[in-house]
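# Return a 3D structure for these sequence lines:
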Amino acid sequence: MSRDVDFSEYFAARVQRFRRVAFALSGDWHAAEDLVQAMFVQLYRRWRRVRPGTVDAYARRILLNLFLAGRRVSGREYVTSSVPERESPPGRDTSLRLDVERALAGLTPRQRAMVVLRFLEDLPVREVAALLGVAEGTVKSQTARGVEALRTALPAPATEES
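Residues are numbered from 1 along each chain as shown. Predicted coordinates:
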């Protein structure tokens, strides 16, 4: 019984954070929900084996693996004659947020993952490299390229003089 209570408390405390990360990775709220749901299902299956101090890192690794694998975690797909409207992210829907989403969508999945993990999750280079199974230099160079691509794609910030 304690397993379920502990997992429920962890889920309640972290679900919003992981949804935010999944959205930053996928760029789609529906896909983010699917990724997070699949992540928590896998985490629950292994809950007894996960060491208490490593749960966040373990969950993040599952989420990242699901995203990079491009696994379909949803059930059936239905063909319709019209495209459904895209759900707006929670909070204010500003043009800058939309610009950032478009710019992130232009990155490769690995670059996007590195940028999200480095700057949204604020993980050190060493940890991102371990999560992705690449050298630290690869994380540095790919993150730099991703940030440069974002700078190119995003409008220049307004200055006080303009």
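
# only C-alpha atoms for contact and neighbour calcs from this point on.
Noted.

# Am I right that Val115 is in contact with Arg145?
No: using C-alpha atoms under 8 Å, Val115 is not in contact with Arg145; the gap is 9.6 Å.

# what does the average pLDDT come to for the helix or strand hosting Gln16?
Per DSSP states H and E, Gln16 falls inside helix 2-26. Confidence for helix 2-26, expressed as mean pLDDT, is 91.

# Same check on stretch 110-117?
Mean pLDDT, stretch 110-117: 89.

# So what touches that stretch?
By C-alpha atoms under 8 Å, 6 or more residues apart in numbering, the surrounding residues in contact with stretch 110-117 are 21, 24-25, 64, 68, 104-105, 123, 128, 139, 142-143, 145-147.

# Give me the buried subset of those residues.
21, 24-25, 64, 104-105, 128, 139, 142-143, 146-147 (16 or more other C-alpha atoms under 10 Å).

# In terms of distance to Arg3, which of these ranks first?
Nearest to Arg3, judged by C-alpha to C-alpha, of those is Leu64 at 24.3 Å.

# Contact partners for that closest one?
With C-alpha under 8 Å, 6+ apart, Leu64 has these contacts: Ala113.

# Mind splitting this structure into its structural domains?
Per automatic domain parsing, the structural domains of the chain span 1-71, 91-156.

# which one of those domains has the lowest average pLDDT?
Lowest mean pLDDT of those: domain 91-156, a mean of 84.

# next one: it to chain centre, how far?
Distance of domain 91-156 from its chain centroid, counting by C-alpha atoms, centre = their mean, to the nearest Å, is 10 Å.

# Start at 26, not 1
Right, with 26 as the first residue, what we last looked at is domain 116-181.
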